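**Q** pasting the sequence and the predicted model now:
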Amino acid sequence: MFAAFKEFLERDPKQVENPIGLAVTISSRRGLDIGRRLNRHLEFPDADAVAAEGHDRTTLDPEDELIEAERAAEREWLYRFAVECIKELPRGQAEVVKATLLREQELSDWAHEQGKSYQAAHKQRTKALESLLRCVESKRDDHWRRR
């Protein structure tokens, strides 16, 4: 994590168009690096075999880096919009979304805890997700119009 932060700070501020996207991209890449190193170590316990590979597959040319940063920034904005929209949902709809999507609870378990039939819970979640989608799309459109 420190290496990713250090790499972010070493960038020329004039070349960074989207700092949030760049930060997300760098940290994501460093996490992938760690995962790949771990996988290589598990597949090839011999240290010489791991060192022989040695090239960095995460280096991108500036154009690809810019595209990746823009995508990461878009995901960050979508996340923010979704959080705002969940807060705007009616209480029951917000509860079903939080339980089944954020806490990954099974819909049937949530319905049972709430004393509802599966069909009623499914209908409630479907309406909540439709409302959530409309809200996020509306906020995203407003955001892009302001840019």
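**A** Thanks, I have the structure now. Just so it is clear, the model here is predicted, and its values are computed rather than measured. Residues are numbered from 1 along each chain as shown.

**Q** check contacts around Ser131.
**A** Ser131 makes contacts with Cys85, Leu89, Gln93, as judged by CB atoms under 8 Å, 6 or more residues apart in numbering. Backbone N, C-alpha and C define where each C-beta goes, glycine included.

**Q** and the second one, how many neighbours does it have?
**A** Okay, so that is Leu89. By other CB atoms under 10 Å, 19 other residues sit near Leu89.

**Q** quick check, nearest of the contacts of Ser131 to Cys135?
**A** Cys85 (3.7 Å; CB to CB).

**Q** so Val24 makes contact with Glu76?
**A** Yes - between Val24 and Glu76 there is a contact under CB atoms under 8 Å: 6.2 Å.

**Q** more neighbours: which of these two?
**A** Val24 (19 against 15).

**Q** contacting residues for the more buried one?
**A** So Val24 contacts Ala69, Ala72, Ala73, Arg75, Glu76 (CB under 8 Å, 6+ apart).

**Q** for the residue nearest the centre of the chain, give me the pLDDT.
**A** For the chain, Arg75 is the residue whose C-alpha lies nearest the centre (CA atoms, centre = their mean; 6.1 Å). Arg75 is assigned a pLDDT of 85 by the prediction.

**Q** so what's it closest to, chain neighbours aside?
**A** Val24 (7.3 Å; CB to CB, 6 or more residues apart in numbering).

**Q** what's the domain layout of the chain?
**A** In terms of domains, the chain is parsed into 1-72, 89-147 (source: automatic domain parsing).

**Q** distance check, Leu107 against Pro90.
**A** 18 Å (CB to CB, to the nearest Å).

**Q** picking up where we left off before, from Ala72, how far off is the residue nearest to Arg75?
**A** 4 Å.
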